[in-house]
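> let me see the structure of the following:
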Amino acid sequence: MLNDNKWFTEVYPKHGSALSIEVKAKLHEEQTPFQKIEIYDTEWFGKLMVIDGCTMVTDRDNFLYHEMMTHPVLYTHPNPKTVWVIGGGDCGSLKEVLKHPNVESVVQIEIDERVTRLAELYFPELCASNHDARAQLLFIDGIQWVKDAAENSVDIIIVDSTDPVGPAEGLFNQAFYRECLRCLRPDGILVQQSESPLFHTDLIASMHQTMRAAGFPSICSLFFPQFIYPSGWWSATMAGKGDLNGFREEAAQARPFATQYYNVEIHRAAFVAPEFIRKALT
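Numbering: from 1, shown residues only. Prediction:
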């Protein structure tokens, strides 16, 4: 919500806390068939996208999320050639994946085309690789896409979704994970944003259990800061069809592109779980 003093505030009533960002102006607002999208110009964070009242992406800190949703999984897989991004309508994850020269094709499946079209207008730097010859943008239901896809047809599936409510709710259940497992090749990996370790510990534990019940033998979570998301601390969870211990450290060290957050040391440290998370996962 935007108050009279031009501070956008997202309240987390369950956790007795809130996040406020000072804004200069509201640039855009619309209700799509799927959700309400707002764009703000802020005093320090650049442009801000809000979906259904929840902060989604800013110019200032999006690199944290997009780098950690992509580079750890790409350097964990032994030889990623094909990637699907489920969601990811702001195209930041797509851009990071396409920095890897060995990746041959990336399909982004976003249900709400307006997210991408507004990102192209207000976050053009995130959309800089949308016309890469290896990229395909589809505006359809990601759950249905996975159901219809061929067995053993993809190396990595990145689920870059909103919270597990509304259009994204079906991306967090056993049926969806089983379909992902079917589509992944023998060394395939699914990675999904898994909310705040501090606020949503139960969700992370539930995801581990549900992914295991769906048939994934290897599961682990990684952790990173993210100012505009609840608690300022975020996570992603990987589920592997094979082993998840195959970090290609030399390739990550010699990566042919610049990063703002990700490096070899961050990769290793991100997978170290705090004690309360370890306890929740046992």
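> show residues contacting stretch 120-138.
27-28, 39, 47, 49, 57, 59, 62, 66, 90-92, 94-95, 98, 103-110, 116, 119, 145 (Cβ atoms under 8 Å, 6 or more residues apart in numbering). Backbone N, C-alpha and C define where each C-beta goes, glycine included.
> apart from its neighbours in sequence, what residue is nearest residue 156?
residue 83 (4.6 Å; Cβ to Cβ, 6 or more residues apart in numbering).
> elements contacting the helix or strand that neighbour falls within?
In this structure, residue 83 sits in strand 82-87 according to DSSP states H and E. Judged by 3 or more Cβ pairs under 8 Å, 6 or more residues apart in numbering; DSSP states H and E, strand 82-87 is in contact with helix 92-97, strand 105-109, helix 142-148, strand 154-160.
> give me the mean pLDDT for the third one.
Going back to what we said before, that points to helix 142-148. Mean pLDDT, computed over helix 142-148, is 94.
> buried residues in stretch 261-281?
Applying a neighbour-count criterion of 16 or more other Cβ atoms under 10 Å, one finds 261-262, 264, 266-267, 270-271, 273, 277, 280-281 buried in stretch 261-281.
> what distance do you get for residue 235 to residue 281?
Distance, residue 235 to residue 281, using Cβ to Cβ, to the nearest Å: 12 Å.
> one step back: restricting to C-alpha, output the strand holding residue 83 in CSV.
Extracted C-alpha coordinates of strand 82-87, given in CSV (Å, rounded to 0.1, in the frame of the first residue of the first chain):
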residue,chain,number,x,y,z
THR,A,82,18.5,-27.1,-22.1
VAL,A,83,16.7,-25.0,-19.4
TRP,A,84,13.1,-24.2,-18.7
VAL,A,85,12.2,-21.1,-16.5
ILE,A,86,8.7,-21.5,-15.1
GLY,A,87,7.5,-18.0,-14.2
